[in-house]
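just need the structure, nothing else, for what follows:
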Amino acid sequence: MDILFYGFVVVLFAAVILAVEGFYLWWMSTRGAAARRIARRLQVMSGGAQTRSGERISILKQRPFSRRPALDRLLHRAALAQRIDALLVQAGAPWTVSHFIGATFGCVIMVLVAGSVWTLPLQARLLLCVASPGLPWCLLQRMRRRRLIRIEHQLPEAADFIARALRAGHSFINVLQIVGNEMPEPLAGEFRIAREEINYGVPMNEALHGLAARIPLTDLRYLMIAVLIQRDSGGNLAEILGNISGIIRARLKLVAQVRVLSAEGRMSAWILGLLPFGVMGVMTVSSPHYVSMLWTDPSGQRLLWYGLGMIIFGVLWLRRTIRIRI
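Numbers count the residues shown, from 1 in each chain. The predicted structure follows:
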């Protein structure tokens, strides 16, 4: 009986290992990085112009702000909706303006429900109601910042890639297609959009200006300016792009060094900003009657507001001190 049981366990273990390995091999052969790279190369060789991941380029100049036509027309008249849409495009978010506005109102409703369930001081409720609409905005700003950092680190390689392709004799339009198929995301998707816009009849100047508007980076603007000047006055564009690539790499290296030197200041800002809230939370759990005087007594409420103002001022001052623009 024991021999049969142990034999069954060994066979079951081997079957699980083989199943996991088979799934891994199937995934790598169909969805892995090597499979995607081979598919892109075959697509380039066949001259296909389809975009990957189901991407579709709209020939309409106006992006939809909502799926409802009436709300879409209303949002297109608002200047704030235009700014939100530009931020969504720069962040690469798959949302629409109506989704963003709905998420903002949802945060406000959640804060109001939480304030009615938990007994919080009136000042705290007002502060949470004022701060809650900024949560989706902060999330979108974080997405935008991370995406722009990724694109910024991809720019030197893209500039070298374009320079090598131009030296090989390709036209700039073909170079945009090659970069869109060979470079990693998210920079490749932006080059594909620019190339598709040119194919739809948009002038190259306008397409490149649109690319610079979707990616508000100074280094990318240098690349676009070099291309536009070369189209008007001529010159060795490959050599110019190679020089720009070297400048971008040197600047990124300097940024990394400054970030390392300012790491202590950033850590101090985080600790000094979060420590009072952490201490308040621990004291609220351990000695609630002792801490409750801060929001039940008028003098304690004034001390809370003064302390919050000083914390915000200190964090903003540290942020301004350690934030060095290069």
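
give the buried residues for stretch 185-192.
By 16 or more other C-beta atoms under 10 Å, the buried positions in stretch 185-192 come out as 187-192. In short, each C-beta sits where N, CA and C put it, glycine included.

closest to V117 among these?
G189 (43.2 Å; C-beta to C-beta).

quickly find the element holding that closest one.
Using DSSP states H and E, G189 maps to helix 187-199.

now do R63
With DSSP H and E as the test, R63 turns up in no helix or strand.

residue contacts, it?
Shown in contact with R63 (C-beta atoms under 8 Å, 6 or more residues apart in numbering): 85, 89.

shift numbering so it begins at 10
Sure thing, new numbering starts at 10, so read that last one as R72.

gap between it and G219?
12 Å (C-beta to C-beta, to the nearest Å).

neighbouring contacts of the helix holding G198?
Contacts for helix 196-208 (C-beta under 8 Å, 6+ apart): 58, 60, 64, 66, 101, 159-160, 163-164, 167, 182, 185-186, 188-192, 213, 215-217, 219-220, 223-224.

which among the residues you listed end up buried?
60, 101, 160, 163-164, 167, 185-186, 188-192, 213, 216-217, 219-220, 223-224.

buried stuff in stretch 178-187?
Across stretch 178-187, burial judged by 16+ other C-beta under 10 Å covers 181, 184-187.

adding distance to A28, write the residues you listed out as CSV.
Converted to CSV, those look like this (distance: C-beta to C-beta, whole Å):
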residue, distance to A28
F181, 50
V184, 45
L185, 44
Q186, 41
I187, 40
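
what is the nearest of these to R334?
L185 (30.5 Å).

outline the domain layout of this protein.
Following automatic domain parsing, one gets these domains for the chain: 20-55, 78-141, 159-270, 272-331.

and of those, who's closest to R151?
Nearest of the domains of the chain to R151, taken as C-beta to C-beta: domain 78-141 at 8.5 Å.

can you get me the start-to-end distance on the closest one?
Distance across domain 78-141, first residue to last, is 28 Å (C-alpha to C-alpha, to the nearest Å).

tell me the mean pLDDT for that domain?
On average, the pLDDT along domain 78-141 is 80.

and if you look at stretch 280-294?
Across stretch 280-294, pLDDT averages out at 83.

what sits up against it?
So stretch 280-294 is contacted by 299-300, 316, 320, 323-324, 327 (C-beta under 8 Å, 6+ apart).

nearest to Q150, out of these: which one, please.
Out of those, the member with the shortest distance to Q150 (by C-beta to C-beta) is V324, at 16.4 Å.

the closest one: which element?
helix 307-331.

now that helix: buried residues?
Quick answer for helix 307-331 (16+ other C-beta under 10 Å): 310, 313, 320, 327, 331.

ok, now stretch 277-290?
Quick answer for stretch 277-290 (16+ other C-beta under 10 Å): 278, 282.

who are the packing partners of the host helix or strand of L89?
Element membership for L89 (DSSP H and E) is helix 88-100. Applying 3 or more C-beta pairs under 8 Å, 6 or more residues apart in numbering; DSSP states H and E, one finds that helix 88-100 makes contact with helix 106-126, helix 143-176, helix 213-223.

who's in contact with that helix?
With C-beta under 8 Å, 6+ apart as the criterion, helix 88-100 contacts 72, 74, 84-85, 104-106, 109-110, 149-150, 152-153, 156-157, 222-225.

quick check: angle from that helix to helix 213-223?
90 degrees (axes from the mean of the first three to the mean of the last three C-alpha atoms, to 10 degrees).

what is the orientation angle of helix 88-100 with helix 143-176?
Helix 88-100 and helix 143-176 are oriented at 50 degrees to each other (the same axes, to 10 degrees).

output helix 88-100 as PDB, restricted to C-alpha atoms.
Extracted C-alpha coordinates of helix 88-100, given in PDB (Å, rounded to 0.1, in the frame of the first residue of the first chain):
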ATOM      1  CA  ALA A  88     -11.000  73.900 -21.600                       C
ATOM      2  CA  LEU A  89     -10.400  71.800 -18.500                       C
ATOM      3  CA  ALA A  90     -11.500  68.700 -20.400                       C
ATOM      4  CA  GLN A  91      -8.900  69.500 -23.100                       C
ATOM      5  CA  ARG A  92      -6.200  69.700 -20.500                       C
ATOM      6  CA  ILE A  93      -7.300  66.400 -18.900                       C
ATOM      7  CA  ASP A  94      -7.300  64.700 -22.300                       C
ATOM      8  CA  ALA A  95      -3.800  66.000 -23.000                       C
ATOM      9  CA  LEU A  96      -2.700  64.600 -19.700                       C
ATOM     10  CA  LEU A  97      -4.300  61.200 -20.500                       C
ATOM     11  CA  VAL A  98      -2.500  61.100 -23.800                       C
ATOM     12  CA  GLN A  99       0.900  61.900 -22.200                       C
ATOM     13  CA  ALA A 100       0.300  59.300 -19.500                       C
END
